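Enquirer: Quick one, fold the following:
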Amino acid sequence: MIEPISIELPAGVFAAPTKTSKSANWLETNLVRWVNGKLSPIGGWSKASYPPTASPIMAVHRWSLNNGTRVIAYLCEAHVYVDVGGELTDISPVAPLVAPSTGYVAGGYGDFGYGVGSYGTPRPDKQARFVIPECYTLDNWGQNLLVMTSTDGRLLEWDASSMANKCEAVENAPISNRTFVVSPYRHVILFGMGGVPGDYGWCDEEDNTNWDFATVSSKAGKNNIQPASGVVSVSKSGSEVIVFTEDNVGHVLNYIGLPFIFSMDVINVESAPLSVDSIIDTPGGCVWASSDGFWQYSAGSAVPLPSSVWTWIKDRMDKDVARFKASFVTVPDFSELYFFFPAFGETTNSHYVSWNYKENWWSTGKMRRTCGAKSSFTGYPIMSDGTDVYIHEYGDVYALQPGEELPWAKTHNINFSGGASMLTVGRMLPDIGDDTTGLEFILDYSLFRSGQKVEMTSGPKEFSRGIVGFRDTGRDFQMTVRQNVNEVLDWTMGNNMIEVVRRGRL
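Expert: Predicted coordinates:
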């Protein structure tokens, strides 16, 4: 007897450690999101027509000049560029930026296990676990641009009054710094200041050339982090600054005014970000990815951020490479936060998970991005893979790289009576809307769960006249909806109705 059954799949991916468990949820996806509870592909992207940069792109920042001109800055390992009106200009300092080392720092006593190496011989280079990654920072000071790389250490400024200007060292600013932030109260705050890993200091209010820490009339000041430890990563969180140190301790820096200007307190977390760029500010507070999952800081407290895809990340992520490459980018037009990370065998980010912080669902996918800048009121999101720059949610196609795929989504195992019944799945009536061209459906199924396991697939089935015809028999089923043309299609999918015939138990 043919039975109609409704399959309702809520928004979001729910990764599970086993594929044999029944779960009416999505298991894995690629380049999709949910809009009003319905599955839909994300927008495409197009490659910017820039000439090649002289070194890899590590950070992106966008802002507007006093006259309304929109500017995008790109900080590379050893160069700085700005885009005004689509034209890329090199504004690197005349005294070149110090490029990062091509290898790890030479090791020393205590870096490795007892007995490694021979007495009197040089130690091997340090493993990734023992190295604090480089840091690349961009922000604007009024209409001017501030630049810093941890390998160079200078606080550089680009005077935006002329495209002919180059970045120059800020007068009187300490050197050999790690990173900085610009506070809402118009102080530049340096971390790892002067080459001392745990020191931080700030300039006078509204004057980034005044670093006089001794004069009472100046609001410039300095302090050191306690317990003493080197700064690894820094992020704004509203009007606060979140700081993580080498010993995994989190700190919050607050503006308190005269006479101390800034105060720093320890927050209730000992789980630092995986990498320098694995922390970002959102409307709901600062979010970061650590070795034990996602965390969120808001209103003076840090709490774990539950994620239904953390298992998916752990099964794929190379943590050693992630320490140097993993990064966050926000897409506020869709209330989404993207976390990019490297899979095993990759030397750069290759996969991502996205979190919709407004509707609280997660998705997964493949995309090679190392950094980016969020969308503005007048501009699309911008992301880079280190070599090329892409304008996202814009264009008619997906400018895919090797290993990347068109939009698709796959369910968990779907079965009946706990898998005790064999079923024949007949026609499916999916809730498909808008542009249904270029879509296909695949049904993977198995007859047994152990022993001589037989796994089969229906092969791709097209959506025709409102139905998909399967007619496949098995015990556990997984359905995939996949786009097979490289176009940005406006399709949505909600719940599905299928016809099944029971074929007996066990």
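Enquirer: contacts for the strand or helix carrying S363?
Expert: Using DSSP states H and E, the secondary-structure element containing S363 is strand 361-366. The contact list for strand 361-366, computed with C-beta atoms under 8 Å, 6 or more residues apart in numbering, reads 11-13, 15, 28-34, 307-309, 312, 350-356, 403-405. Placement of C-beta: from N, CA and C, glycine included.
Enquirer: partners of it, with directions?
Expert: strand 351-356 (antiparallel) (DSSP bridges).
Enquirer: rewinding a little: show the buried residues in the contacts of strand 361-366.
Expert: 11-13, 15, 28-34, 307-309, 312, 350-356 (16 or more other C-beta atoms under 10 Å).
Enquirer: Return the subset of those residues lying in helices.
Expert: Using DSSP state H, W312 are the members of the buried ones among the contacts of strand 361-366 that sit in helices.
Enquirer: State the pLDDT value of N495.
Expert: N495 is assigned 85 on the pLDDT scale.
Enquirer: before we move on, what about Q452?
Expert: Q452 carries a pLDDT score of 51 in this model.
Enquirer: about what we covered before: chain center to the very next helix or strand once past the strand holding S363, what's the gap?
Expert: Moving toward the C-terminus from strand 361-366, the first helix or strand encountered (DSSP H and E) is strand 371-373. Put simply, strand 371-373 sits 9 Å off its chain's centre (C-alpha atoms, centre = their mean, to the nearest Å).
Enquirer: when you give positions from now on, start the count at 30
Expert: Let's use 30 as the start, then, which means that last one is strand 400-402.
Enquirer: Using PDB, list the CA coordinates for the lengthiest helix in the chain.
Expert: For the chain, the helix with the greatest residue count under DSSP H is helix 348-354. What follows is the C-alpha trace of helix 348-354 in PDB, where atoms were taken according to Å, rounded to 0.1, in the frame of the first residue of the first chain:
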ATOM      1  CA  LYS A 348      44.800  22.600  13.800                       C
ATOM      2  CA  ASP A 349      48.500  23.300  13.200                       C
ATOM      3  CA  VAL A 350      47.700  25.100   9.900                       C
ATOM      4  CA  ALA A 351      44.600  26.700  11.500                       C
ATOM      5  CA  ARG A 352      46.800  28.500  14.000                       C
ATOM      6  CA  PHE A 353      48.200  30.600  11.100                       C
ATOM      7  CA  LYS A 354      45.300  30.700   8.700                       C
END
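Enquirer: Which positions in it come out as buried?
Expert: Residues of helix 348-354 classed as buried by neighbour count (16+ other C-beta under 10 Å): 348, 350-354.
Enquirer: now the angle from whichever helix or strand comes after it to strand 380-385?
Expert: Sequence-wise, the next helix or strand downstream of helix 348-354 (DSSP H and E) is strand 356-360. Orientation of strand 356-360 against strand 380-385 (axes from the mean of the first three to the mean of the last three C-alpha atoms, to 10 degrees) gives an angle of 40 degrees.
Enquirer: Show me what strand 356-360 is in contact with.
Expert: Counting by C-beta under 8 Å, 6+ apart, the neighbours of strand 356-360 from elsewhere in the structure are 304, 306-309, 311, 316-318, 365-369, 378, 383, 398-404, 410, 412, 421-422.
Enquirer: try it again with 7 Å
Expert: Where contact means C-beta atoms under 7 Å, 6 or more residues apart in numbering, the residues beyond strand 356-360 that reach it are 304, 306-309, 311, 366-369, 378, 398-401, 403-404, 410, 412.
Enquirer: among the residues you listed, which are in strands?
Expert: Among the contacts of strand 356-360, the members found in strands (DSSP state E) are 308-309, 311, 366-369, 400-401, 412.
Enquirer: Relative to S69, which of the residues you listed is nearest.
Expert: Closest approach to S69 among the ones in strands among the contacts of strand 356-360 (C-beta to C-beta): Y367, at 16.5 Å.
Enquirer: Verify the stated contact: the closest one with S383.
Expert: Yes - using C-beta atoms under 7 Å, Y367 is in contact with S383, at 4.9 Å.
Enquirer: which secondary structure element contains C315?
Expert: Assigned by DSSP H and E, C315 falls within strand 314-319.
Enquirer: What of M485?
Expert: In this structure, M485 is located in strand 484-486 according to DSSP H and E.
Enquirer: following that strand, which helix or strand shows up next?
Expert: Later in the chain than strand 484-486, the nearest helix or strand by DSSP H and E is strand 490-491.
Enquirer: Show residues contacting that next one.
Expert: Outside of strand 490-491, the residues that reach it under the criterion C-beta under 7 Å, 6+ apart are 469-470, 497-499.
Enquirer: again with stretch 294-304
Expert: The list of residues contacting stretch 294-304 from outside it, by C-beta under 7 Å, 6+ apart, reads 162, 261-262, 273, 277-281, 308, 317-321, 324, 326, 330-331, 351-356.
Enquirer: Buried ones among those residues?
Expert: Of the members of the contacts of stretch 294-304, the ones counted as buried by neighbours, 16+ other C-beta under 10 Å, are 162, 261-262, 273, 278-281, 308, 317-319, 324, 326, 331, 351-356.
Enquirer: I86 versus the closest residue in space to A128 that isn't next to it in sequence, what's the distance?
Expert: Of all residues not flanking A128 in the chain, A107 sits nearest, at 4.0 Å (C-beta to C-beta, 6 or more residues apart in numbering). Computed with C-beta to C-beta, to the nearest Å, the distance linking A107 and I86 is 11 Å.
Enquirer: Quick check on the two: which one has the bigger neighbour count.
Expert: Using other C-beta atoms under 10 Å, the more surrounded residue of A107 and I86 is I86, with 24 against 19.
Enquirer: residues in contact with the more buried one?
Expert: When contacts are counted by C-beta under 7 Å, 6+ apart, I86 is found next to 103, 105, 400, 413, 415.
Enquirer: Compare the contacts of strand 490-491 and tell me which is most surrounded.
Expert: The member of the contacts of strand 490-491 surrounded by the most neighbours (other C-beta under 10 Å) is V497, with 26 neighbours in all.
Enquirer: name the element that one belongs to?
Expert: Residue-wise, V497 maps onto strand 497-503 under DSSP H and E.
Enquirer: What's the first helix or strand after that strand?
Expert: Toward the C-terminus from strand 497-503 - assigned by DSSP H and E - lies strand 505-512.
Enquirer: Report all helices and strands that that following strand contacts.
Expert: The criterion is 3 or more C-beta pairs under 7 Å, 6 or more residues apart in numbering; DSSP states H and E, and the helices and strands that strand 505-512 contacts are strand 437-440, strand 468-475.
Enquirer: Format the ones you listed as TSV; extra columns: distance to N96.
Expert: Shown next, in TSV, are these (distance: least, C-beta to C-beta, whole Å):
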stretch	distance to N96
strand 437-440	46
strand 468-475	47
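Enquirer: Was I right to think G221 contacts S258?
Expert: No - under the criterion of C-beta under 7 Å, G221 lies out of contact with S258, with a separation of 10.9 Å.
Enquirer: who's more crowded, the two?
Expert: Higher neighbour count among G221 and S258: G221, with 25 against 17, using other C-beta under 10 Å.
Enquirer: show me where pLDDT drops low in this structure?
Expert: Flagging of the chain using pLDDT under 70 yields the residue ranges 30, 46-52, 131-159, 446-449, 477-484, 533-535.
Enquirer: Pop the domain breakdown of it in here.
Expert: As recorded under automatic domain parsing, the domains making up the chain are 31-71+447-534, 302-403.
Enquirer: Dump those domains to a markdown table, plus distance to N206.
Expert: Rendered in a markdown table, the data for the domains of the chain read as follows (distance: least, C-beta to C-beta, whole Å):
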| stretch | distance to N206 |
| --- | --- |
| domain 31-71+447-534 | 38 |
| domain 302-403 | 14 |
